[in-house]
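Trainee: Need a 3D model of the following:
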Amino acid sequence: MTLPPFPRIAVCASERPEAEVARERLTALYGSVPEEVADVIVALGGDGFRLEMLHANMARRIPVYGMNRGSVGFLMNDYEEEGLIERLAAAGKAVIHPLQMDAWTDAGQAQSGLAINEVSLLRQTRQSAKLRISVDGKVRLEELSCDGCMVATPAGSTAYNLSAHGPIIPLDARMLALTPISAFRPRRWRGALLSHRATVEFEVLEADKRPVSAVADSLEIRRVVRVVITERRDIALTMLFDAGRSFEERVLAEQFTA
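Mentor: Predicted structure coming up:
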């Protein structure tokens, strides 16, 4: 999607005071239209707020340009008030595809959600989770005893996945990261890199004794017994980055950070 020379901008802010102040200042300088008629969204906050804006506008797939007024800001551009129109015109694009999570609970209920970063399975109690993991219909790990496990997209590989010692994946690699969270048995299993076409299935073992929740970004489903994860290539979401500070460059630089 190419932005028009004078795009209609929706300036949106998180609840942080500094983000609200920035929204007022940018709106005074450039104006702001409702999200549903905008050509581009300028998201003011942290990485979580940018993801929130991508989720909220997924149906229209409006490009999101983030400026850091939050705490992390790995996915955000620097906050500057001058030259916004020029920055938008020169911005590079990063196209990402979300994961679809289909989950079934012990009560027989089915629920689905989309995740831009990752789908995580997490233990709900002091008891470790026990998971059986299948890839494309074949059991690859009969039993994983752990705090949890996740499937991360390239865009999400530098978030929770990286904190759990998972691999960083370049955006154009067309791969997914399958990463355990505090694996107990097998202790030395570090996860796997999978094709983006893979279907990953988790079965929760001893679900009554060891309840597990499934989380797709901010959507949490508790007491799941089965979760199936696939990539939605039919949904393309666009993030905009300042020229010279592409998402690919940030991912590469992160791999050389001590």
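
Trainee: can you list contacts of stretch 141-150?
Mentor: Applying C-beta atoms under 8 Å, 6 or more residues apart in numbering, the external contacts of stretch 141-150 come out as 118-123, 128-133, 160-161, 164, 166, 177-186, 189, 202, 205, 212. Every C-beta, even on glycine, is put in place using the N, C-alpha and C of the backbone.

Trainee: change it to 7 Å
Mentor: When contacts are defined by C-beta atoms under 7 Å, 6 or more residues apart in numbering, stretch 141-150 is touched by residues 118-123, 128-133, 160-161, 164, 179-185, 202, 205.

Trainee: Looking at those residues, which are in helices?
Mentor: Y160, N161 (DSSP state H).

Trainee: Buried by neighbour count, from the contacts of stretch 141-150: which ones?
Mentor: A residue is treated as buried here by neighbour count (16 or more other C-beta atoms under 10 Å); on that basis the buried members of those are 118-123, 128-133, 160-161, 164, 179-181, 183, 202, 205.

Trainee: By residue count, what's the longest helix in this structure?
Mentor: Counting residues, the longest helix found in the chain (DSSP H) is helix 17-30.

Trainee: burial of A177, as a residue count?
Mentor: By the criterion of other C-beta atoms under 10 Å, A177 has 24 neighbours.

Trainee: can you tell me the helix or strand for it?
Mentor: Using DSSP states H and E, A177 falls within strand 175-181.

Trainee: Within its sheet, name the partner strands of that strand and how each one runs.
Mentor: Strands adjacent to strand 175-181 in the sheet, as given by DSSP bridges, are strand 148-152 (antiparallel), strand 192-195 (antiparallel).

Trainee: so V40 bridges to which residues?
Mentor: Judged by DSSP bridges, the bridge partners of V40 are I9.

Trainee: quick one, what contacts it?
Mentor: By C-beta under 7 Å, 6+ apart, the contact list for V40 reads L3, P7, I9, I62, P63, Y65, L88.

Trainee: try V135
Mentor: When the contact criterion is C-beta under 7 Å, 6+ apart, the partners of V135 are L194, A198, V200.

Trainee: which residue packs closest to the first one, ignoring adjacent ones?
Mentor: Read that as L194. Counting by C-beta to C-beta, 6 or more residues apart in numbering, L194 lies nearest to L176, which is 4.7 Å off, once chain neighbours are set aside.

Trainee: ok, that neighbour touching R197?
Mentor: No - contact criterion C-beta atoms under 7 Å: L176 and R197 do not qualify, at 9.2 Å.

Trainee: Show me which of those two is the more surrounded one.
Mentor: Neighbours per residue (other C-beta under 10 Å) separate L176 from R197, with L176 holding more: 29 against 12.

Trainee: Okay, and the nearest residue in space to V200 that is not next to it in sequence sits in which element?
Mentor: Distances taken as C-beta to C-beta, 6+ apart place I229 nearest to V200, at 4.6 Å, with adjacent residues excluded. I229 is part of strand 224-231, with elements assigned from DSSP H and E.

Trainee: Walk me through which strands that strand pairs with, and which way each runs.
Mentor: Sheet pairing for strand 224-231, assigned by DSSP bridges, gives strand 99-105 (antiparallel), strand 200-205 (antiparallel).
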